[in-house]
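Engineer: Any chance you could fold what I've pasted below:
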Amino acid sequence: MKQLCLLVLLLSSSLFAQDFIFGKVSESELKQQIHPLDSSAIAAVLYKKGSTKMIYEEKWYYVHEIESRVKIYKKEGFAYATIKIPMYDSGGGNKEKISNIKAFTYNLENGKINKEKLKSDGQFEEDIDESWRYYKFTLPNVKEGSVIEFTYRVTSPFINSLPEFTFQEKIPVANVEYTIEIPEYLNYRAYSKGFIPLKQTKTSRREKLLISYRADTDPKVGGYGNTNSLRTERGQIEFNLETTVYSVSQLPKLVDEEYVNNIDNYLNSIKHELEWTKMPGSSLETYTHSWDDVAKSIYKHSRFGNEIDTRKYFEQDLDPLLKTAQNNLEKIKLVFDFVKQKVKWNEKYGVLVKDGVKNAYSQRTGNVAEINLMLTGMLRYAGLNANPVLVSTRANGIAYFPTREGFNYVIAAVELNNEIILLDATNEFTEPNILTEKTLNWVGRLIRSDFSSVEVDLTPKTLSRKVTDLNVKMDALGTINGVCRNSYTNQVALNVRNSLAGKSEKTYNEIIENFYDTMEISNLTISNRKETEKPYIENFNFNKTSSFDGLGDRIYFQPLFFMATTENPFKAEEREYPIDFSYPTANMVRLQIEIPEGYKIESTPESATYKLPDDLGEFTYLISSTENTINLRVISEIKASILPAAYYSAIKEYYKLVVEKENEKIVLVKL
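Structural biologist: This is a model prediction of the structure:
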């Protein structure tokens, strides 16, 4: 058996190590049914090659090329047959262009390799925000066992920031290589992320470049600085071209675990940012930016800062409202609610307006920037110290270095009484300092009108609570029935309101029944569905059969019934990235159980308390009983939004104890 495994590994290593030629898919690749090193893999990258080269034609631009081959093992891997390429457009004709797209699907049919070309109807574009779009294409006739391959070229004038090249995927990667060629006149800083080291090889060679330059036609006339004696000439120069090759083989898939912000933040990748340029005969130009520089450049953009100061369009509507405010906190709430009711989000992201705040106000719809810059302007008009805050959403990832592309969202902030109050008016259920989860992404950047900026912590500090009160009556046949009341505050209330927005009571009934394992629900009532400053409350009656086991004259059941935690979400032996709970939570269950007539309590679990290190969390299980009634109170608190990976073993053990305790059973015996 060991010899067979070794043979499989040798064969797979041989397959992965070969020189891949585009268009030359082998029969052995198509016959492979499972990945030789990871039987659970839904797909695998057999090889991926990327390159970025700088080209000079009156000015610099870059050409970025990708070539890849992917094996599809299971239906779940079909998603890897859709390729999406981010493309940037700054307006005014400056945009990235895609070309040289070649893509094929290979299948083994009747012993022959069938090759199908990408069809025109499989290519399309999708807007991301006002500046970014995806160019997407989907390979045809993809099946379990297919091999797909594709290549494309992106040409871009935006040399300040080169494309991020990703080595690792959420599927295994056999062989990957990235080459970048930089002339001596440009200097880039490389930023890498991920946990797997890359092999790096550097070489240098002499190349020639045809450039235009200003030459003095008569040095004797006018001397230095006399532009009348200058003319444009073209000449060929030699320069050093530095080539860096990054490579790595047999990368395991990156597994997405519970409580991860965005797993893409941890994929092995590399990105290059321009630091300086120095062309022949020219002085050094630096491009390295700080976060302050990035914030300032965004604020000074015509589609950002100017929009905050545009006011006449709302003054007549807002003035009567402001007269009713008794203090600054009331002003904040009045203006915030006014914007939420007046303008609805069109689901478009971005830090810049598209049609402007005035148009968004009149049309009653706008993108993120239009709504929250409008909010900022109104708050300033109300006499408050309000400023915009640049944010990167969770889906956009975490920016590891200063770049404008690091932000794709903007919210408003009011500085009041040494506190920063954060506001996002794109969602009807948000409250001051209660933001949607997509924006809870570590830190944002607050920009003031004098262009100064400061980092703002976006992680909530206040506990979000769910309190459940249950009165349960048991019968001897395994059925429970009773009354349940759930109360939600802060972030958990926002989540519930968002998940149920627009849904009927019947649909909500079905959602609860499915959530609680097909339990029958009746007499559902909801309080404060839209009164967001109050707890969201639901009450219902329930009935559930087969809720506990009987054996002889005894009944065995765990007292939390459908409220128990049945599985530890932390399963990996170790973890390299932080545990992200999004926000601090406190869950409490208060439960009273009436046992079946004709039974008495024989044994109950013991009360217990478990704590995380550094007072980061606590679990309390308190149980008591009378002759025919059991009272249970369970409290679980996680007091931090994010825990470093160093706490992983402690949090894993903590949840192990919680699961064990919540599933301990009470024993009843017949009288």
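Engineer: following the strand or helix carrying Val496, which helix or strand comes up?
Structural biologist: Secondary structure assigned from DSSP states H and E places Val496 in helix 490-500. Note on helix 490-500: by DSSP H and E, the next helix or strand toward the C-terminus is helix 505-515.
Engineer: Residues contacting that next one, please?
Structural biologist: Leu500, Lys503, Met519, Glu520, Ile521, Leu524, Ile526, Glu538, Phe540 (CB atoms under 8 Å, 6 or more residues apart in numbering). (Glycine included, C-beta is placed from N, CA and C.)
Engineer: Would you mind listing the buried residues in the helix or strand just after that helix?
Structural biologist: The C-terminal neighbour of helix 505-515 among helices and strands, as given by DSSP H and E, is strand 520-527. Buried positions in strand 520-527, judged by neighbour count with 16 or more other CB atoms under 10 Å: Ile521, Leu524.
Engineer: what's strand 520-527 in contact with?
Structural biologist: With contact meaning CB under 8 Å, 6+ apart, strand 520-527 is reached by 505, 508-509, 512-513, 534, 536-544.
Engineer: tell me the mean pLDDT over whichever helix or strand comes after that strand?
Structural biologist: Note on strand 520-527: by DSSP H and E, the next helix or strand toward the C-terminus is strand 536-544. Average pLDDT, strand 536-544: 95.
Engineer: Who does strand 536-544 pair with, and is each partner parallel or antiparallel?
Structural biologist: In the sheet, strand 536-544 lines up against strand 480-488 (antiparallel), strand 520-527 (antiparallel) (DSSP bridges).
Engineer: ok, longest strand in this structure?
Structural biologist: Criterion DSSP state E: the longest strand present in the chain is strand 230-251.
Engineer: Which strands and helices lie in contact with that strand?
Structural biologist: With contacts taken as 3 or more CB pairs under 8 Å, 6 or more residues apart in numbering; DSSP states H and E, strand 230-251 sits against helix 2-17, strand 173-183, strand 199-216.
Engineer: If we use 7 Å, what do you get?
Structural biologist: strand 173-183, strand 199-216 (3 or more CB pairs under 7 Å, 6 or more residues apart in numbering; DSSP states H and E).
Engineer: Make a markdown table out of these and add distance to Ile601.
Structural biologist: As requested, the helices and strands packed on strand 230-251 are exported to a markdown table (distance: least, CB to CB, whole Å):
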| stretch | distance to Ile601 |
| --- | --- |
| strand 173-183 | 58 |
| strand 199-216 | 66 |
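Engineer: which one of those strands has the lowest average pLDDT?
Structural biologist: Among the helices and strands packed on strand 230-251, strand 199-216 has the lowest mean pLDDT, at a mean of 83.
Engineer: mean pLDDT lowest for which of the strands paired with strand 536-544?
Structural biologist: Minimum mean pLDDT among these: strand 520-527, a mean of 93.
Engineer: what about the nearest residue to Asn160 once chain neighbours are set aside, distance to Lys670?
Structural biologist: Leaving aside its sequence neighbours, Asn160 sits nearest to Leu274 (CB to CB, 6 or more residues apart in numbering; 4.6 Å). The gap separating Leu274 from Lys670 is 80 Å, by CB to CB, to the nearest Å.
Engineer: Between these two, which is the more surrounded one?
Structural biologist: Comparing Leu274 with Lys670 by other CB atoms under 10 Å, the one with more neighbours is Leu274, at 21 against 14.
Engineer: Please, which helix or strand holds that one?
Structural biologist: Using DSSP H and E, Leu274 sits within strand 269-277.
Engineer: buried stuff in that strand?
Structural biologist: Residues Ser269, Ile270, Lys271, His272, Glu273, Leu274, Thr277 are the ones in strand 269-277 that count as buried (16+ other CB under 10 Å).
Engineer: quick one on the thing from earlier: so what secondary structure elements neighbour the helix holding Val496?
Structural biologist: With contacts taken as 3+ CB pairs under 7 Å, 6+ apart, helix 490-500 sits against strand 464-474, strand 536-544.
Engineer: Paired strands for the first one, with orientation please.
Structural biologist: By that I understand strand 464-474. When pairs are called by DSSP bridges, strand 464-474 turns out to pair with strand 480-488 (antiparallel), strand 585-594 (parallel).
Engineer: now those in CSV, with mean neighbour count and distance to Phe239?
Structural biologist: Shown next, in CSV, are those (neighbours: other CB atoms under 10 Å; distance: least, CB to CB, whole Å):
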stretch, mean neighbour count, distance to Phe239
strand 480-488, 19, 64
strand 585-594, 18, 59
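Engineer: could the ones you listed go into a markdown table alongside distance to Phe165?
Structural biologist: Putting the strands paired with strand 464-474 into a markdown table (distance: least, CB to CB, whole Å) gives the following:
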| stretch | distance to Phe165 |
| --- | --- |
| strand 480-488 | 43 |
| strand 585-594 | 38 |
